[in-house]
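>>> Provide a 3D model corresponding to the input given below.
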Amino acid sequence: MMKLYYGPGACSFVPHAALEVIKAATGTDFETQSVKLHKGEQRTPEYLAMNPLGLVPVLVEDGKPLTQIIAICDYLDRRFSPAGLLPTGTWERAQAMSTLAWMNNSVHPTFTHVFRPANFAEGEAAQADVRQLAVGKFREHMERIQSMVAHASPWLLGDKLSFVDFYALTFMRWGGFAGIDPASMPAYQAYVERVADQAPVASAMAREGIKLDTFKAA
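Here you go, the predicted structure:
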């Protein structure tokens with residue numbers, strides 16, 4: 001049985017929700033293990049043996065670990081294509097992977113600068129500058145996703161939920177932590193609320209103990 005190691009609210013929510021979709025579509029069950037990042041559980045010897053980088057997610061099957069969001073999503077889609085997590089057409093799938101890669105290599109690292117500015121600058125003033133610039137850039141990325149939502153029918157890749165929907169939901173949650181009011185992006189907010197209402201997504205959120213709205217007014 002597949003086993004997913006995830007950090008509640010982290011990017012590992014993407015394959016977590018996908019596994020729930022796969023379970024609903026094919027009956028294939030899976031196991032999960034919560035990794036409490038704030039407690040450093042990703043740095044234990046046992047975890048580092050699976051992923052020397054100490055990151056989530058890790059998907060283990062037949063005792064073999066697979067890391068990195070893009071690789072895990074590609075594997076899950078190829079193995080469980082009936083779940084429809086990516087389009088089947090060659091060009092359409094490539095375009096979907098392009099969007100997923102942008103989310104993973106551009107939007108996601110921008111939030112890392114928001115959440116961990118000390119990784120990129122020394123001194124409080126410099127770190128504050130890094131965070132401020134990153135929040136502005138993260139908002140730009142969120143606004144791009146909002147423009148994409150305008151063409152969702154009903155989801156970003158068409159009539160089936162996909163990895164990019166789960167990543168988009170994750171970014172909306174992260175935006176709240178960055179001080180970005182979801183109400184300032186009403187189309188994006190309404191879309192992620194619809195995503196969160198879908199049974200597989202709701203199951204993953206419940207297991208992780210996370211909520212959609214993370215924004216707190218100053």
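>>> going forward, measure contacts and count neighbours with C-alpha atoms only.
Will do.
>>> Quick check: closest non-adjacent residue to residue 212.
On the basis of Cα to Cα, 6 or more residues apart in numbering, the spatially nearest residue to residue 212 that is not a chain neighbour turns out to be residue 173, at 5.8 Å.
>>> ok, residues contacting the helix or strand containing the one you found?
Under the criterion DSSP states H and E, the helix or strand holding residue 173 is helix 163-177. Identification of contacts with helix 163-177 by Cα atoms under 8 Å, 6 or more residues apart in numbering yields 9-11, 13-15, 17-18, 73, 85-86, 96, 99-100, 103, 108, 111, 138-139, 142, 145, 155-157, 181-182, 189, 192, 195-196, 212-216.
>>> tell me the angle the longest helix anywhere in the chain makes with helix 163-177.
Using DSSP state H to define each element, the chain has its longest helix at helix 124-149. For helix 124-149 against helix 163-177, the angle between stretch directions is 140 degrees (axes from the mean of the first three to the mean of the last three Cα atoms, to 10 degrees).
>>> Give me the buried stretch members for helix 124-149, please.
By neighbour count on 16 or more other Cα atoms under 10 Å, the buried set for helix 124-149 is 127-128, 130-132, 134-135, 137-139, 141-143, 145-146, 149.
>>> one step back: check the spacing between the residue nearest to residue 212 and residue 47 real quick.
Residue 173 is 26 Å from residue 47, where distance means Cα to Cα, to the nearest Å.
>>> picking up where we left off before, identify the farthest-apart pair in the buried residues of helix 124-149.
Across the buried residues of helix 124-149, the two members that end up farthest from each other (Cα to Cα) are 127 and 149, 32.5 Å apart.
>>> okay, residue 173 and residue 47: which has more neighbours?
Here residue 173 and residue 47 are compared on neighbour count by other Cα atoms under 10 Å; more neighbours surround residue 173, at 23 against 18.
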